[in-house]
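1. Sharing a model that was predicted from the sequence below.
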Amino acid sequence: MATDTGDDYFASDSSLPEPAPLTFRYHRFTPKSEFARHRHRWGQLNRISLGLVELLLDEGKVVAPAQYLLWTPPEVPHAAYIRQAMHYTSIYVCDELAARLPGHTCLIEQTPLVRALLDDFSLRQITVPSDPWDIHQAELLCRRLQESAHEASYLPDSPHKLLRPILDAIRQDPADATPLKEWAEKVYSTERTLARLFQRELGISFGQWRGRARLVEALARLRQGDSVQAISAQLGYATPSAFIAMFQKQLGASPERYRRQFLQAGQWQEGLSA
């Protein structure tokens, strides 16, 4: 667990040079890693190998799966929580390039090119790009990130009176297959109005939001040992293969790989404390 408290800068940042234009740090975290409230002098991109990372801000929680980079602008206080063992990359961004990225914490989609550029840096364990070609690659990465789609959170929330009962109900039962038309009748609205509200208030469709809620529930069930077949049936997927394909796309790993890594890490952690 990190030892930083209050609004202090992250302690290990003091030994780092200013990004020019990027600085990479590579880590492997154990399950249930927590990072107390802190901030960074530079903008930060977080990349995880699988699962989810949770960032706690003054205004709420941002959840990011492995499909996305998690962007935090300079000087924004935050805490973080990582549920499962994973490889983690922290990328500090110089002020000039950070100013071109969103001015708020958000998720940035990893396009195939962005992923390839990051994979190359990671494979070679580049920490500070110094070779002219690596600097050009870092600048290209930043330009591509500016063009990538971004979202406020993986599972956004809304206090809107028409959406609130729907979101609460699906969180309680992610397998609920009630179509939007029936929800409209329950909340005394219309399907068209609800569809518009989902896009306006949450930035994604009703179907996308429900799919993400199911994924979050699937992660919890995998950690408690449920089988892939049981989870896919419990969450309303037509076949296990449909569930596996969704999981792989969102988190970068199959459900079985996720569970094996989680269980192995748990056994390793128990051995340390024995």
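-> Structure's in. What do you need?
2. contacts and neighbour counts: CA atoms only from here.
-> Noted.
3. could you say which helix or strand contains Leu118?
-> Assessed by DSSP states H and E, Leu118 sits inside helix 112-123.
4. what's the answer for Leu45, then?
-> Taking DSSP H and E as the criterion, Leu45 maps to strand 43-48.
5. Show me which residues of the helix holding Leu118 are buried.
-> Buried residues in helix 112-123, counted by 16 or more other CA atoms under 10 Å: Val114, Leu117, Leu118, Phe121.
6. Phe24: what's it in contact with?
-> Phe24 is in contact with Thr89, Ser90, Ile91, Tyr92, Ile126, Thr127, Val128, counting by CA atoms under 8 Å, 6 or more residues apart in numbering.
7. make it 10 Å
-> Counting by CA atoms under 10 Å, 6 or more residues apart in numbering, Phe24 makes contact with 44-46, 89-93, 118, 121-122, 125-129.
8. Is it possible to mark the buried ones in those residues?
-> Judged by 16+ other CA under 10 Å, buried ones among these: 44-46, 89-93, 118, 121, 126, 128-129.
9. ok, Leu118 touching Leu140?
-> No: applying CA atoms under 10 Å as the test, Leu118 and Leu140 come out as separate, 11.0 Å apart.
10. Tell me the spatial nearest neighbour of Arg221, not counting adjacent residues.
-> Leaving aside its chain neighbours, Arg221 sits nearest to Ile231 (7.1 Å; criterion: CA to CA, 6 or more residues apart in numbering).
11. Could you find the closest non-adjacent residue to Gly225?
-> Arg259 (7.8 Å).
12. can you tell me how far the one you found sits from Gln110?
-> Separation of Arg259 from Gln110 (CA to CA, to the nearest Å): 24 Å.
13. and the buried residues of helix 112-123 as CSV, adding pLDDT and distance to Leu145?
-> Listed next are those as CSV, based on pLDDT from 0 to 100; distance: CA to CA, whole Å:
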residue, pLDDT, distance to Leu145
Val114, 93, 7
Leu117, 95, 11
Leu118, 95, 11
Phe121, 96, 15
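14. Show me where the chain has its strands.
-> 22-29, 33-38, 43-48, 52-57, 60-65, 68-72, 78-82, 86-93, 106-109, 150-151 (DSSP state E).
15. Run through the neighbouring helices and strands of the last one.
-> If contacts are counted by 3 or more CA pairs under 10 Å, 6 or more residues apart in numbering; DSSP states H and E, strand 150-151 sits against strand 68-72, strand 106-109.
16. Of those, which is nearest Ser33?
-> Nearest to Ser33, of all the helices and strands packed on strand 150-151, is strand 68-72, at 16.8 Å by CA to CA.
17. Report the angle between the closest one and strand 43-48.
-> Between strand 68-72 and strand 43-48, the angle comes out at 150 degrees (axes from the mean of the first three to the mean of the last three CA atoms, to 10 degrees).
18. right, and the residue nearest to Gly225 touches Leu222 too?
-> Yes: between Arg259 and Leu222 there is a contact under CA under 10 Å: 5.9 Å.
19. who touches both of the two?
-> Joint contacts of Arg259 and Leu222 (CA under 10 Å, 6+ apart) are Val228.
20. what bits of the stretch 151-274 of the chain have low per-residue confidence?
-> Counting by pLDDT under 70, the stretch 151-274 of the chain contains low-confidence ranges at 261-274.
21. go again using 80 as the cut-off
-> Low-confidence segments of the stretch 151-274 of the chain (pLDDT under 80): 220, 223-224, 250-253, 258-274.
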